[in-house]
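Trainee: What shape does this take:
(chains A and B)
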Amino acid sequence: MSHVAANGVQLHVQELGAGPPVVMLHGLLIGSLASWYFTAGPALAARHRVTMFDLRGHGKSEPVTTGYDVRTMAADLAALVGEREPVDLVGHSWGALVALRFAIAHPARVRRLVLVEAPLPPSSVTEMSALAGADLGAIVGALPAQMREALVVGGRRGQKLLASLEFLLGKTTLLADLAAERDPGVAELAGVRAPCLVVTGDRSSCAASGVRLAATIPGARHVVLPGGHYLHLDAREALTQLIGEYLGG
Amino acid sequence: MTAMGSTEDILRVVEKLVLEIAGDELLLTGPMTLQTSFNTDLELESIEFVALAEKLQQHYGAGVDFVGWISKKELDQIIGLTVGELVEFISSCRT
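Mentor: A predicted model of the protein is given here:
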């Protein structure tokens, strides 16, 4: 396992392939670099150097208690990618907001931007909406089917998932950070210079957010795929193909 | 690059690597068999599966492209993967 110190946090990083650099970011709570590693990552790696990493507190990255806001995570990303050549960024959900913030803050360091299921306002993120009612049924219901099963069956994987959720929700600033997260400003979005692909699911609460992003980011293209919030699972092949073509597959 | 060895040799390598990743938390009550399922028997997390991919790469070298192999499978196939299928794949990479 490869860990890299970035912005004061040990991040778990995996790289596949060779070529122009692509960095992939996953969503909150139940996400990890495995979200991309077993979906679009390997196909992209046929023509790109694909870097996938666990966001702070997630997967095998350091379980820190603070810094789950978009700006801090964008600073993690900035430290991770360094000042090398510009990178393509692919983000899912909160990871998409982190990629977007990075593109706003460091326009010269981003080549192209792929925003999958980016929630605006940020506090509307699916994982958050389910938690707002603190209803366990709603939380479980919002999980992808594969994880729902693990939690309901209650075996080893379910227990590990619960332990991770208990840490992130009970012992970190994650929920407060999410609630306090503001929308990017219209001027900020209008100032994004990187070519941008916005992808949303046809059964997702991020649909309106996708329309708004595509209308505000200059030249952005918006594609709707069949599926819900976890598009990398629901539309694994279609999303993989779409990203591959957009990034010059 | 390590020699591939027999099915039994590969099975013991996979068992050793899985134990390194999941340690004594593992639900394995007896020796790993070809029928052992990564999902229902071992209950490996997806991020642990990433670690297994890394360890297989380190052990066998680039000749065993586990990630490329898994990326061609449907999600249902990945979820239902048995140790035997992995062992057979590694064996098929023998040059």
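
Trainee: so after the helix or strand harbouring residue A:197, what's the next helix or strand?
Mentor: Per DSSP states H and E: residue A:197 is located in strand A:196-201. Counting by DSSP H and E, the next helix or strand C-terminal to strand A:196-201 is helix A:207-216.

Trainee: helices or strands next to that next one in the packing?
Mentor: For helix A:207-216, the packing partners by 3 or more C-beta pairs under 8 Å, 6 or more residues apart in numbering or on different chains; DSSP states H and E come out as helix A:186-190, strand A:196-201, strand A:221-225. (C-beta placed from N, C-alpha, C; glycine too.)

Trainee: Include distance to chain B, mean neighbour count and mean pLDDT when you put those into CSV, please.
Mentor: Shown next, in CSV, are the helices and strands packed on helix A:207-216 (distance: least, C-beta to the nearest C-beta, whole Å; neighbours: other C-beta atoms under 10 Å in any protein chain shown; pLDDT from 0 to 100):
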stretch, distance to chain B, mean neighbour count, mean pLDDT
helix A:186-190, 33, 13, 96
strand A:196-201, 16, 25, 98
strand A:221-225, 15, 16, 98
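
Trainee: Show me the one of these that comes nearest residue B:41.
Mentor: Smallest distance to residue B:41 across these (C-beta to C-beta): 32.5 Å, for strand A:196-201.

Trainee: in chain A, which helix or strand is least confident?
Mentor: Ranked by mean pLDDT, DSSP states H and E, the helix or strand of chain A with the weakest confidence is helix A:126-132, at a mean of 59.

Trainee: next one: chain B
Mentor: Result, chain B / mean pLDDT, DSSP H and E: helix B:75-79, a mean of 83.

Trainee: Using CSV, write down the CA coordinates of the helix or strand just after it.
Mentor: The helix or strand immediately downstream of helix B:75-79 is helix B:83-92, counting by DSSP H and E. Presented in CSV, the C-alpha positions along helix B:83-92 are these (Å, rounded to 0.1, in the frame of the first residue of the first chain):
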residue,chain,number,x,y,z
VAL,B,83,-10.8,-18.0,-4.9
GLY,B,84,-10.9,-20.8,-7.5
GLU,B,85,-11.6,-18.3,-10.3
LEU,B,86,-8.7,-16.1,-9.2
VAL,B,87,-6.4,-19.1,-8.9
GLU,B,88,-7.4,-20.3,-12.4
PHE,B,89,-6.8,-16.8,-13.8
ILE,B,90,-3.3,-16.6,-12.2
SER,B,91,-2.5,-20.1,-13.5
SER,B,92,-3.6,-19.0,-17.1
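
Trainee: what's the offset of helix B:83-92 from the middle of its chain?
Mentor: 8 Å (C-alpha atoms, centre = their mean, to the nearest Å).

Trainee: For that helix, name the packing helices and strands.
Mentor: helix B:7-22, helix B:66-71.

Trainee: Around chain B, which positions in chain A sit nearby?
Mentor: By C-beta under 8 Å from any C-beta of the partner chain, the residues of chain A that approach chain B are A:1-2, A:14, A:16, A:32-35, A:37-38, A:41-43, A:45, A:54, A:59-60, A:146, A:150, A:155-157, A:160-161, A:233, A:236.

Trainee: which among those end up buried?
Mentor: The neighbour-count test (16 or more other C-beta atoms under 10 Å in any protein chain shown) marks A:14, A:16, A:32-35, A:37-38, A:41-43, A:45, A:54, A:59-60, A:146, A:150, A:155-157, A:160-161, A:233, A:236 as buried among the residues of chain A next to chain B.

Trainee: Among these, which lie within strands?
Mentor: A:14, A:16 (DSSP state E).

Trainee: List the contacts of the closest residue to residue A:54 other than its chain neighbours.
Mentor: Spatial nearest neighbour of residue A:54, excluding adjacent residues (C-beta to C-beta, 6 or more residues apart in numbering or on different chains): residue A:61 at 3.9 Å. Contact partners of residue A:61, counting by C-beta atoms under 8 Å, 6 or more residues apart in numbering or on different chains, are A:3, A:9-12, A:53-55.

Trainee: Contacts only, for the residue nearest in space to the middle of chain A.
Mentor: Taking C-alpha atoms, centre = their mean, the centroid of chain A lies closest to residue A:95, which sits 2.3 Å from it. By C-beta under 8 Å, 6+ apart, the contact set of residue A:95 is A:24-27, A:31, A:55.

Trainee: How much space separates it from chain B?
Mentor: 15 Å (C-beta to the nearest C-beta, to the nearest Å).

Trainee: So for that residue, what's the pLDDT?
Mentor: On the pLDDT scale, residue A:95 is placed at 98.

Trainee: so it is in which element?
Mentor: helix A:94-105.
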